[in-house]
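Undergrad: can't give you the sequence, but here's the structure:
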């Protein structure tokens with residue numbers, strides 16, 4: 001998978017960024033559940049748990065989206 005360079009990247013709206021972070025959270029949570037993601041190595045599950053420990057909550061993301069949406073509009 002090739003990652004876009006900054007020159008190729010299109011502008012991301014605050015809501016799109018928020019949705020990406022929330023979908024990433026759901027993905028990490030699913031990695032912790034062996035019924036949803038069987039055959040995932042223990043080390044991957046443990047890393048997902050460590051990442052989620054300090055992951056921003058939905059409240060945090062909504063707060064940031066609201067704050068930056070306001071700054072984006074002005």
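TA: Perfect, thanks for sending it. This one's a predicted model, so the numbers in the text were calculated from it and none came from an experiment.

Undergrad: Where does the prediction get shaky in this structure?
TA: 1-9, 70-74 (pLDDT under 70).

Undergrad: any idea which residue sits dead centre in it?
TA: Central residue check for the chain by CA atoms, centre = their mean: the C-alpha nearest the mean position is that of residue 21, 2.4 Å away.

Undergrad: How far away from the center of its chain is the helix or strand hosting that residue?
TA: For residue 21, the enclosing helix or strand under DSSP states H and E is helix 14-32. With CA atoms, centre = their mean, to the nearest Å as the basis, helix 14-32 stands 3 Å off its chain's centre.

Undergrad: by contact count, what packs against the helix or strand following it?
TA: Scanning forward in sequence from helix 14-32 by DSSP H and E, the next helix or strand is helix 42-53. Contact analysis of helix 42-53 by 3 or more CB pairs under 8 Å, 6 or more residues apart in numbering; DSSP states H and E lists helix 14-32 as its packing neighbours. All C-beta spots, glycine's among them, are computed from the backbone N, C-alpha and C.

Undergrad: The helix it packs on to helix 42-53, inter-axis angle?
TA: Helix 14-32 runs at 140 degrees relative to helix 42-53, counting by axes from the mean of the first three to the mean of the last three CA atoms, to 10 degrees.

Undergrad: give the contact list for the residue nearest to the residue nearest to the centre of the chain when sequence neighbours are not counted.
TA: Taking CB to CB, 6 or more residues apart in numbering as the measure, residue 21 lies nearest to residue 61, with 5.5 Å between them; neighbours along the chain are not counted. Contacts of residue 61 were listed using CB atoms under 8 Å, 6 or more residues apart in numbering, and they are 18, 21, 22.

Undergrad: Residue 10: what secondary structure?
TA: Classification of residue 10 into helix, strand or coil gives coil, according to DSSP: H, G, I helix; E, B strand; the rest coil.

Undergrad: so how far is residue 64 from it?
TA: Here residue 10 is placed at a distance of 20 Å from residue 64 (CB to CB, to the nearest Å).

Undergrad: The residue nearest to the centre of the chain is in contact with residue 56, isn't it?
TA: Yes - the pair residue 21 and residue 56 passes the contact test of CB atoms under 8 Å, sitting 6.6 Å apart.

Undergrad: Alright, calling it a day.
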